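Enquirer: Task: produce atomic coordinates for the following.
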Amino acid sequence: MARFPVLERRIGHRFADASLLEQSLTHRSFGSPHNERLEFLGDGVLGCAIAEDLCARFPRLDEGSLSRLRATLVREATLAQVARGIDLSEFLRLGEGEIASGGVARPSILADALEALYGAVFLDAGFEAARRVIRQTFGARLEGVDERAPTKDAKTRLQEYLQGRRMNLPRYSVTATHGAAHRQTFDVECAVDELGFVARGTGASRRSAEQKAAEAMLLQLPA
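Expert: Numbers count the residues shown, from 1 in each chain. You can find the predicted model right below:
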């Protein structure tokens, strides 16, 4: 099995079972075993580690406030940023079609691979090791989390940003759907015509995909 020593140094964990690391970096388009089950596991591990950290940092916050803070840290846009911070795209194993379509830079693929990586660390060495990797890779994002951070959803924040600058509202359009009718995913494009910006998001519902596209758009806009 392939080993990626540079990536292991970046995350602060050397795998005893290199096949777990390889699988975590393998997209379904490349072949099997791919990283979707590890992504599922890593999502739970990440949520638990972040919840534990927030409870320790903010002992007086109620459940609703803690949930909103966690949501800002585990959303796709944030995870994609974390993945870019360790140059995870350098190590992804994608099929030729995904490579040709720019999948290596797609936020959803980066976020999923990062969660799969956390899941792989958990299986390799347990929760404490996974928590250390999460803290190392998140870095200042955890240290600098602000309990006064905005709690409005991404579409609302984007709308208020544009209205505050007397711009037209963004346009959302479904560009593609994938999968069977009972398990579809949606690709949505968000466009701010006056700025010439376009952002994309993918989700299990149109609404979820629109939120992810709005989040990606907010990352492009000037502060």
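Enquirer: hey, where'd the helices end up in this protein?
Expert: Applying DSSP state H to the chain gives helices spanning 5-11, 18-24, 36-57, 63-74, 76-85, 96-100, 107-125, 127-138, 140-143, 154-164, 206-220.
Enquirer: what sits up against the fourth one?
Expert: Outside of helix 63-74, the residues within contact range by CB atoms under 8 Å, 6 or more residues apart in numbering are 43, 46-47, 50-51, 54-55, 58, 61, 78, 138, 141-142, 145, 147, 149-151. All C-beta spots, glycine's among them, are computed from the backbone N, C-alpha and C.
Enquirer: mind running it again at 7 Å?
Expert: Contact with helix 63-74 is made by 46-47, 50-51, 54-55, 58, 78, 141, 145, 147, 149, 151, as judged by CB atoms under 7 Å, 6 or more residues apart in numbering.
Enquirer: Among these, the buried ones, what's the PyMOL command?
Expert: What follows is the PyMOL syntax for the buried subset of these, where burial is set by 16 or more other CB atoms under 10 Å:
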select buried, resi 46+50+51+54+78+145
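Enquirer: Kindly reformat the contacts of helix 63-74 as JSON lines containing pLDDT and distance to Arg183.
Expert: Below are those laid out as JSON lines (pLDDT from 0 to 100; distance: CB to CB, whole Å):
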{"residue": "Leu46", "pLDDT": "97", "distance to Arg183": "23"}
{"residue": "Gly47", "pLDDT": "95", "distance to Arg183": "22"}
{"residue": "Ile50", "pLDDT": "95", "distance to Arg183": "27"}
{"residue": "Ala51", "pLDDT": "95", "distance to Arg183": "28"}
{"residue": "Leu54", "pLDDT": "93", "distance to Arg183": "32"}
{"residue": "Cys55", "pLDDT": "93", "distance to Arg183": "34"}
{"residue": "Phe58", "pLDDT": "89", "distance to Arg183": "37"}
{"residue": "Thr78", "pLDDT": "88", "distance to Arg183": "25"}
{"residue": "Arg141", "pLDDT": "83", "distance to Arg183": "32"}
{"residue": "Val145", "pLDDT": "76", "distance to Arg183": "34"}
{"residue": "Glu147", "pLDDT": "70", "distance to Arg183": "37"}
{"residue": "Ala149", "pLDDT": "60", "distance to Arg183": "33"}
{"residue": "Thr151", "pLDDT": "55", "distance to Arg183": "30"}
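Enquirer: Give me the below-cutoff pLDDT ranges for the chain.
Expert: Across the chain, residues meeting the criterion (pLDDT under 70) sit at 1-3, 148-152, 181-182, 223.
Enquirer: Show me the domain layout of it.
Expert: Annotated domains of the chain cover 5-143, 154-220 [automatic domain parsing].
Enquirer: starting at the chain centroid, how far to the first one?
Expert: In this case it means domain 5-143. 8 Å (CA atoms, centre = their mean, to the nearest Å).
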